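[1] generate a structure from the sequence data that follows.
(2 chains)
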Amino acid sequence: MNTNAPPIEIQGVTRQFANKRALDNVSLTVERGVVFGLVGENGAGKTTLIKHILGLLRAQNGSVRVFGLDPVADPAQVLARIGYLSENRDLPGWMRVDELLRYTRAFYKSWDDRYAEELRAQFGLNNSARVKNLSRGETARAGLLLALAHRPPLLVLDEPSSGLDPIVRRDILEAIIRTVAEEGRTVLFSSHLLEEVERVSDHLAMMHNGKLVLCGALEDIKAAHRRIVIRFDSALGRPPVLEGALSVTGAAHEWTVICNGIGNVTASATRLGGKIVSEHSPSLDEIFVAHASTKQGVV
Amino acid sequence: MQIHISANDGVPIYLQIVNQVKYLVACGRLASGEELPPIRALAEQLLVNPNTIARAYMELERDGIVAKRHGSGTYVSDAGSPLARKERMKILSERADALLAEAHHLNVDLDSVIDLLKQRRKLLNKEPS
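    Numbering: from 1, shown residues only, chains lettered A, B, ... in the order given. Have a look, this model is predicted:
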């Protein structure tokens, strides 16, 4: 294994399911020590991408490397380095919590008993409880414990917060922060909750219809996107066509434009006789909606 | 040190931290010489990426609000006071702008607003604090 290889390196991966293109020439690199947020609508391709990282799907085109290893050719090596929590936490219901821990422990050389016990106590999981009798929040915590206790260099969370109450969500975010605060560990997580993504991630990839429409440092993405309001002296019956605009909403005299880089929009607004009356930094939600609503969607 | 982050208002999170620490220093809730929490501890408390906290601390250091002491933590600097006055006025300016805008919409002129402020202060001074 190449010890300097980035945790995740995906190049030109395409995946076709029947007549749906789930991934369309996706390339991205996740560097060591970052929290990488993966966002996109349902069906955008996030889970399919994660399945390639875990080696559950073989790349039809392109290549997937995890710490320099091919997850399909070398699943044991790759999975030993990944802590994984999925939205469907399918844990064996007939086991007791202590049995579940002993069972999972056997798969990982790096399992840390003290850390596992610390997490179990912190999460309030009862050793003698049957997994099938755990509440939804407890099941999520049990899944999180299993993903963390072997102290993986890469933590992969697929929609970890979906359908959970704020207290469990807090546990999950705390785990992400702690993981990355420990030198050199890396987190990839997908989420619909953009507020969470904005808080904890430093890199962001946005998917739309199987394509990567946005990828980079969160700070750069936020700095490049602007929400501007353009005012026209005469009322417009339909949205003005502005070069470089991701979305244009409004009515009559005033229109709100979300754009990635302001230059082209300003120029074409001026040509149409519009004047910029305000300029702000949009929230991640607004950026997301703007990208998801553009037809071409490519930057 | 109490800081509240709102991830949805467009202001970058590091800047929210910077502004709030400046505010806390300006209004004396963070005294000079007081230690700021370690980056990791604040990251876990606010549930914010540690790099974001580091960035905020760097900006605060650049602005002279805090200073790093070698080998230990980050402390509110002694030179905080002249800047603090500027920050105090900046905070008040924002409130003043909002007040003036509201007064304008309600058709209340500036002299009446000033009279109102004086009148309110009299009332406040009467009440035991």
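[2] all contacts plus neighbour counts: C-alpha atoms, from now on.
    Will do.
[3] contacts for the helix or strand where residue B:112 lies, please.
    Here residue B:112, judged by DSSP states H and E, is contained in helix B:110-126. Helix B:110-126 is contacted by residues B:100, B:103 when judged by C-alpha atoms under 8 Å, 6 or more residues apart in numbering or on different chains.
[4] next one: that helix to chain centre, how far?
    Mean-position distance between helix B:110-126 and its chain equals 25 Å (C-alpha atoms, centre = their mean, to the nearest Å).
[5] one more: stretch A:165-180?
    Taking the mean of its C-alpha atoms, stretch A:165-180 sits 15 Å from the chain's own mean (C-alpha atoms, centre = their mean).
[6] go on, stretch B:23-39?
    For stretch B:23-39, the gap between its own C-alpha mean and the chain's C-alpha mean amounts to 10 Å (C-alpha atoms, centre = their mean).
[7] stretch A:166-186 now?
    Chain-centre distance of stretch A:166-186: 14 Å, with C-alpha atoms, centre = their mean.
[8] tell me the buried residues in that stretch?
    Across stretch A:166-186, burial judged by 16 or more other C-alpha atoms under 10 Å in any protein chain shown covers A:168-181, A:185-186.
[9] list just the nearest of the residues you listed to residue A:143.
    Checking these against residue A:143 by C-alpha to C-alpha gives residue A:172 as the nearest, at 10.4 Å.
[10] now name the helix or strand holding the closest one.
    Using DSSP H and E, residue A:172 sits in helix A:166-181.
[11] and after that helix, which helix or strand comes next?
    Assigned by DSSP H and E, the successor of helix A:166-181 is strand A:186-190.
[12] contacts for that following strand?
    For strand A:186-190, the external contacting residues (C-alpha under 8 Å, 6+ apart) are A:7, A:31-39, A:46, A:153-160, A:176, A:179-180.
[13] what's the neighbour count on whatever residue of the stretch 1-150 of chain A ends up closest to chain B?
    Going by C-alpha to the nearest C-alpha, chain B is nearest to residue A:35 of the stretch 1-150 of chain A, at 7.7 Å. Neighbours of residue A:35 under the rule other C-alpha atoms under 10 Å in any protein chain shown: 28.
[14] next one: the helix or strand harbouring residue A:250 to chain centre, how far?
    Using DSSP H and E, residue A:250 sits within strand A:245-260. From the chain centre to the centre of strand A:245-260 is a distance of 27 Å (C-alpha atoms, centre = their mean).
[15] pick out the residue closest to the middle of the chain.
    I'll assume chain A. Geometric centre of chain A, nearest residue: residue A:38, 2.0 Å, by C-alpha atoms, centre = their mean.
[16] looking at chain B here, not the other one
    Central residue of chain B (C-alpha atoms, centre = their mean): residue B:23, 1.5 Å from the mean position.
[17] the one helix or strand it maps to packs against which elements?
    Using DSSP H and E, residue B:23 maps to helix B:13-26. The elements that helix B:13-26 packs onto, with contact taken as 3 or more C-alpha pairs under 8 Å, 6 or more residues apart in numbering or on different chains; DSSP states H and E, are helix B:50-62, helix B:80-105.
[18] roughly how far is the last one from the heart of the chain?
    Right, helix B:80-105. How far helix B:80-105 lies from its chain's middle: 11 Å, per C-alpha atoms, centre = their mean.
[19] how close does residue A:121 sit to residue A:10?
    Distance of residue A:121 to residue A:10, given as C-alpha to C-alpha, to the nearest Å: 38 Å.
[20] kindly report the same for residue B:96.
    Computed as C-alpha to C-alpha, the residue B:96 to residue A:10 distance reads 52 Å.
[21] more neighbours: the two, which one.
    Neighbour count, other C-alpha under 10 Å: between residue B:96 and residue A:10, residue A:10 has more, with 20 against 13.
[22] for that one, helix, strand, or coil?
    Of the three states, residue A:10 takes strand under DSSP: H, G, I helix; E, B strand; the rest coil.
[23] bridging residues for it?
    residue A:28, residue A:64 (DSSP bridges).
[24] next, the contact list for it, please.
    So residue A:10 contacts A:26-29, A:62-65 (C-alpha under 8 Å, 6+ apart).
[25] now residue A:130. Its backbone dihedrals?
    phi -80, psi 140 (degrees, to the nearest 10).
[26] burial check on the nearest residue to it once chain neighbours are set aside, number of neighbours?
    Residue nearest to residue A:130 in three dimensions, not counting chain neighbours: residue A:96, with 4.3 Å by C-alpha to C-alpha, 6 or more residues apart in numbering or on different chains. Using other C-alpha under 10 Å, residue A:96 has 19 other residues around it.
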